[in-house]
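Student: sequence first, then the predicted structure:
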Amino acid sequence: MFIRDILFTGSLTFEPNLQAMKWFAREVLPLVKQSRPDVQLIITGDHGGNNTFGDTSISFSGYVDDIRPLIASAWISIAPIFSGGGTRLKILEAFGLKTPVIATSKGAEGLEVQHGKHILIADTPGAFARETIRLLNDAKLRAEIALNAYQLTREKYDWSVIIPDFLSLIGKVA
């Protein structure tokens, strides 16, 4: 499967993901489609019966054995998260596969990212739609954001960086 437009990775059986996709489908996607009526959104993972957003431009891949080709082929990965916690692995995965990301402030929480350099951050439907349209229409910006995010991931989140710090911490605690 090849994705030309927008991808969301995450099970809709997890409430923060379901909330994110309901918000995006109802509040953001209609605004994006005013400018880009051909836009497509693919949602991966278990939809748990929550596949009735009423928009034919949204499709559900279900569980996939290897998510990497889907992420790498997407023009944009989104993380419109408003609740929950933990590391946003969906963002780091996209960064590592050179796919630009648009997220809410909560979605990017805890990551050392800069808006406009590594990621685009938007918290309102209008702002999220504007950033989505901007990335869909600007291949140079997509490439720039993706490269910056990839470099950040290599510098801050790669195992070769994390493991020495982790082992040092263990040594101090032990």
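Tutor: That came through fine. None of these values were measured; they are calculated from a predicted model. Numbering: from 1, shown residues only.

Student: go ahead and confirm Phe128 touches Phe24.
Tutor: Yes. If you go by Cβ atoms under 8 Å, Phe128 and Phe24 touch, sitting 7.4 Å apart. In short, each C-beta sits where N, CA and C put it, glycine included.

Student: helices of this structure, residue ranges please.
Tutor: Assigned by DSSP state H, the chain shows helices spanning 15-23, 29-35, 68-73, 89-96, 125-137, 139-152, 159-173.

Student: can you list those in JSON lines and add mean neighbour count, distance to Ile58 and mean pLDDT?
Tutor: Putting these into JSON lines (neighbours: other Cβ atoms under 10 Å; distance: least, Cβ to Cβ, whole Å; pLDDT from 0 to 100) gives the following:
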{"stretch": "helix 15-23", "mean neighbour count": "18", "distance to Ile58": "8", "mean pLDDT": "94"}
{"stretch": "helix 29-35", "mean neighbour count": "16", "distance to Ile58": "7", "mean pLDDT": "96"}
{"stretch": "helix 68-73", "mean neighbour count": "16", "distance to Ile58": "15", "mean pLDDT": "93"}
{"stretch": "helix 89-96", "mean neighbour count": "22", "distance to Ile58": "17", "mean pLDDT": "95"}
{"stretch": "helix 125-137", "mean neighbour count": "19", "distance to Ile58": "14", "mean pLDDT": "97"}
{"stretch": "helix 139-152", "mean neighbour count": "17", "distance to Ile58": "21", "mean pLDDT": "97"}
{"stretch": "helix 159-173", "mean neighbour count": "9", "distance to Ile58": "34", "mean pLDDT": "87"}
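
Student: looking at these, which is nearest to Phe82?
Tutor: helix 15-23 (6.1 Å; Cβ to Cβ).

Student: can you tell me how far Glu27 is from Met21?
Tutor: Between Glu27 and Met21 the distance, using Cβ to Cβ, to the nearest Å, works out to 11 Å.

Student: and the gap between Gln151 and His118?
Tutor: In terms of Cβ to Cβ, Gln151 sits 9 Å off from His118.

Student: let me fix that: Ile81
Tutor: 17 Å.

Student: ditto for Phe60
Tutor: On the measure of Cβ to Cβ, Phe60 and His118 end up 28 Å apart.

Student: which of those two has more residues huddled nearby?
Tutor: Remark: of Phe60 and His118, His118 carries more neighbours, 25 against 15, as counted by other Cβ atoms under 10 Å.
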